[in-house]
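A.B. asks: Provide a 3D model corresponding to the input given below.
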Amino acid sequence: MNKTSLRAAFALAMGALFASSPAKAQSFSLNEFATGMTDTLQSAIDLLPQDITNIRLGVGPSIAPHYEGDDRYHIGVIPAVSLRWRDLVEVNNNEVRIIAFKKLLNADGGEVGGGNLRFGPTVSIDFGRDEDVSADLRGLGSVGTSMELGAFVAYTQGPMRLRARARHDIVDGHGGGTLRLDAAYTVFQAAPVALGVNVSSTWATGDYMRSYFGISPAQSAASGLPAFDPGSGFKDVGAEVNANYIFASQWAVVTNVGYKRLIGGASGSPLVRQRGSANQLAFQTFLVYSF
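C.D. replies: Now for the predicted structure:
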């Protein structure tokens, strides 16, 4: 890949990454892929063969709740943008990750147990939640766009990967932070097919929980829901299955099916208990081109 094509593709990735106007947020369902769908994209893309530098662009349908905690679903078309550059930079839709350290070495300079330890800083965009996306949200107001700074650490040993990712808003969108823990296992990988599973759980600060699941006295009066003031704690547990099929040298189909159960203050919110559901399902599939 020459430098010109790399710069052009990176510009395209950044354009998709920071396209956060309200009109685009509705047409591309950015609210959803800003969080869970980005994690899904990364888990699925990781099953594809990895080069030192590659760019993957895709598009496909998604079935997901209108908002986290909803019991009604919508079908939309969303983009997939993934960039790997020299195992130093990773871009997955709305998240940029810098790999500051990528090996676990002993005193003699050899790798410890064949494992791979990576960590580094991240910057991501959470596009918030638009009050107009569902009648259930009327009176609750919108949650603004957040820019989140954070860090990740991941350890891979053979087909198993353990990872922790922390993020915190710095522009007062949701105003809080999250810590996501996940474990992934590659069940089968033999070209042209790969299959993996992933289990995860997310802890959130009180500010984050109040932004998405809390109901202030003013919101209670406007929405008809009882006031609710959740604190920090684990908000969900989930599992997903990822699959890839490479049907041509540069083309693949990437698919994910996921289930998430809201827990703690998230499941206790009147928004979820009275108007939605703690059980959250999602399905995405992308036609992906790699170069």
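A.B. asks: contacts only, for residue 263.
C.D. replies: Counting by C-beta atoms under 8 Å, 6 or more residues apart in numbering, residue 263 touches 234, 235, 236, 237, 278. For every residue, glycine as well, the C-beta is placed using N, CA and C.
A.B. asks: repeat that for residue 188.
C.D. replies: By C-beta under 8 Å, 6+ apart, residue 188 lies in contact with 194, 195.
A.B. asks: counting neighbours, what do you get for residue 144?
C.D. replies: 17 (other C-beta atoms under 10 Å).
A.B. asks: so it touches residue 173, yeah?
C.D. replies: Yes - if you go by C-beta atoms under 8 Å, residue 144 and residue 173 touch, sitting 4.1 Å apart.
A.B. asks: pull up the overlap in contacts between the two.
C.D. replies: Common neighbours of residue 144 and residue 173 (C-beta under 8 Å, 6+ apart) are residue 128.
A.B. asks: what's the neighbour count on residue 181?
C.D. replies: 15.
A.B. asks: which among the contacts of residue 263 end up buried?
C.D. replies: Neighbour-count burial (16 or more other C-beta atoms under 10 Å) applied to those gives 234, 235, 236, 237, 278.
A.B. asks: what helix or strand is residue 256 located in?
C.D. replies: For residue 256, the element it lies in under DSSP states H and E is strand 251-262.
A.B. asks: quick one: mean pLDDT for the helix or strand just after that strand?
C.D. replies: Next in sequence after strand 251-262, counting helices and strands by DSSP H and E, comes helix 264-268. Averaging pLDDT along helix 264-268 yields 97.
A.B. asks: chain center to stretch 280-291: distance?
C.D. replies: Offset of stretch 280-291 from its chain centre (C-alpha atoms, centre = their mean, to the nearest Å): 12 Å.
A.B. asks: one more: stretch 214-234?
C.D. replies: For stretch 214-234 - counting by C-alpha atoms, centre = their mean - the centre lies 25 Å from the chain centre.
A.B. asks: tell me the spacing between residue 63 and residue 257.
C.D. replies: Between residue 63 and residue 257 the computed distance is 10 Å (C-beta to C-beta, to the nearest Å).
A.B. asks: between the two, which contacts overlap?
C.D. replies: Residues touching both residue 63 and residue 257 by C-beta under 8 Å, 6+ apart: 282, 283.
A.B. asks: what is the burial count for residue 175?
C.D. replies: Neighbours of residue 175 using other C-beta under 10 Å come to 18.
A.B. asks: how about the contacts made by it?
C.D. replies: Residues in contact with residue 175 (C-beta under 8 Å, 6+ apart) are 146, 169, 207, 208, 211.
A.B. asks: if I pick residue 207, what's in contact with it?
C.D. replies: Shown in contact with residue 207 (C-beta under 8 Å, 6+ apart): 169, 174, 175, 176, 177.
A.B. asks: burial of residue 239, as a residue count?
C.D. replies: Residue 239: 14 neighbours (other C-beta under 10 Å).
A.B. asks: with residue 98 instead?
C.D. replies: Close neighbours of residue 98, defined as other C-beta under 10 Å, add up to 14.
A.B. asks: residues touching it, list them.
C.D. replies: With contact taken as C-beta under 8 Å, 6+ apart, residue 98 is in contact with 88, 89, 120, 121, 122.
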